[in-house]
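1. Provided below for reference: sequence and predicted model.
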Amino acid sequence: MKLLHLDSSIMGANSVSRTVSAAIVERLQSDIADLDVTYRDLAADPLGHLTLADLGSEEGSAVLDQFLAADIVVIGAGFYNFTVPTQLKAWIDRILIVGRTFRYTEQGPEGLVKGKRIIVALSRGGVYGEGSPIAQYEHAEKLLRTAFGFIGIYDPQFIIAEGVARGEEVRAAAVANALVQASHVTVTQPAA
Ligand SMILES: Cc1cc2nc3c(=O)[nH]c(=O)nc-3n(C[C@H](O)[C@H](O)[C@H](O)COP(=O)(O)O)c2cc1C
């Protein structure tokens, strides 16, 4: 079984999403004996902004093939200026490819990616969850659910640490809670 692990936080060792994504991968490694893990740090080893020349380029195809080959994709994402890091957006721009991951039919667009498990570790400074007065400013989980749903992955799992900018105590509790969730991740959950 293949697992693709991506991180995109710019915060290095202080990153919450990196801590949680690593815990998820560790948990799955202890569960699945033959897990073949590929790691890409999109902050240290970034893809450029998508250009016309990139569409169909060798680099773009390699990124897409790596995604398609994975049974499980674990993504670490910080919440920057209301959405995902630009490094992660550049990766998404390489996997939403017409004819490969979606196609247009007479009934509308159809996702072509089946049976892949996506788990996202998302860390937000503020509190944007359901019921929050600023919930409408959340464009990271929303973007990722839309993008993955568009290509046929309707049920990505999110493990969210939020309020981490609200002081040490809140941050520690949010991280601890996310790590508990990470320790409960199993592959027996149905793939989308
Ligand atoms: C450049 C930058 C932009 C940020 N923008 C927001 C924001 O719009 N809303 C928010 O609640 N927190 C914001 N934060 C706080 C981050 O969401 C928080 O630090 C989170 O832990 C980032 O994930 P990371 O620790 O994995 O990098 C921002 C942090 C940085 C560094």
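-> Noted; the coordinates are in hand.

2. contacts, neighbours, all on C-alpha from now
-> OK.

3. List the backbone torsions phi and psi for the spatially most central residue of the chain.
-> The residue lying closest to the centre of the chain (CA atoms, centre = their mean) is residue 75, at 3.3 Å. Dihedral pair for residue 75: phi -120, psi 130, per degrees, to the nearest 10.

4. do residue 95 as well
-> phi -110, psi -10.

5. Tally up the residues packed near it, please.
-> 22 (other CA atoms under 10 Å).

6. so it touches residue 62, yeah?
-> No. Between residue 95 and residue 62 there is no contact under CA atoms under 8 Å: 10.1 Å.

7. Please identify every residue contacting each of the two.
-> With contacts defined as CA atoms under 8 Å, 6 or more residues apart in numbering, no residue is shared by residue 95 and residue 62.

8. where are the low-confidence patches of this structure?
-> Scanning the chain for pLDDT under 70 picks out 188-192.

9. The residue in it sticking out farthest from the centre and the ligand, how far apart?
-> The C-alpha centroid of the chain is most remote from residue 106, which lies 30.2 Å away (CA atoms, centre = their mean). According to CA to the nearest ligand atom, to the nearest Å, residue 106 stands 38 Å off from the ligand.

10. oh, and call the first residue 33 from now on, that's how I've got it
-> Okay, residue one is now 33; in that scheme the one you just asked about reads as residue 138.

11. quick one, phi/psi of that residue?
-> When read as degrees, to the nearest 10, the backbone of residue 138 gives phi -60, psi -20.

12. ok, and what's touching whichever strand or helix holds residue 108?
-> With secondary structure defined by DSSP states H and E, residue 108 is part of strand 104-110. In this structure, residues lying in contact with strand 104-110 by CA under 8 Å, 6+ apart are 34-41, 47-50, 52-53, 56-57, 99, 116-117, 120, 148-156.
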